[in-house]
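> with the input below, show me the fold.
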Amino acid sequence: MFVCPHTGVFVCPHTGVSLAALMKLRRNGTIAAGDRVVVVSTAHGMKFTQAKIDYHSGRIPEMECRHANRPVTVKPEIGGYGSASAQ
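Below you'll find the predicted structure:
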């Protein structure tokens, strides 16, 4: 779930599993630095917004949400975003 804030790629949970496996295989040397790898993403992260909300809210007990960006409630009024982003 931390890929989006660092790369701008908003992946679905299924693609997240593939990327996690890729990162693990890269770390343990199974996939070398010069190897070419393709990860096929079959869905977009916007289809799974509740999973993103739960992650960033820390509501997934079996997962350490180390890279969570805690949600901020913004008043539905002009200037609401500006006051929230200033915090």
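
> buried residues in the lengthiest helix in the chain, which are they?
Longest helix in the chain, counting residues (DSSP state H): helix 13-27. The neighbour-count check on helix 13-27 (16 or more other Cβ atoms under 10 Å) flags 15, 16, 18, 19 as buried. Every C-beta, even on glycine, is put in place using the N, C-alpha and C of the backbone.

> any idea how far residue 6 is from the nearest residue to residue 56 once chain neighbours are set aside?
Here the nearest residue to residue 56 in space, its sequence neighbours aside, is residue 68; by Cβ to Cβ, 6 or more residues apart in numbering that works out to 4.7 Å. Computed as Cβ to Cβ, to the nearest Å, the residue 68 to residue 6 distance reads 13 Å.

> and the buried residues of helix 13-27, which two are furthest apart?
Farthest apart among those by Cβ to Cβ are 16 and 18. That separation is 7.3 Å.

> ok so the residue nearest to residue 56 is a strand residue?
No. Assessed with DSSP: H, G, I helix; E, B strand; the rest coil, residue 68 is coil; it does not lie in a strand.

> list the residues that contact it.
1, 55, 56, 57, 58 (Cβ atoms under 8 Å, 6 or more residues apart in numbering).

> can you name the residues in contact with the helix or strand harbouring the third one?
Residue 56 belongs to helix 49-57 when elements are defined using DSSP states H and E. With contacts defined as Cβ under 8 Å, 6+ apart, helix 49-57 is touched by 1, 13, 45, 59, 60, 63, 65, 68, 69, 70, 71.

> any figure for the gap between the nearest residue to the fourth one once chain neighbours are set aside and residue 32?
When the adjacent residues along the chain are set aside, residue 59 lies closest to residue 53, with 8.0 Å between them (Cβ to Cβ, 6+ apart). Counting by Cβ to Cβ, the separation of residue 53 from residue 32 is 37 Å.
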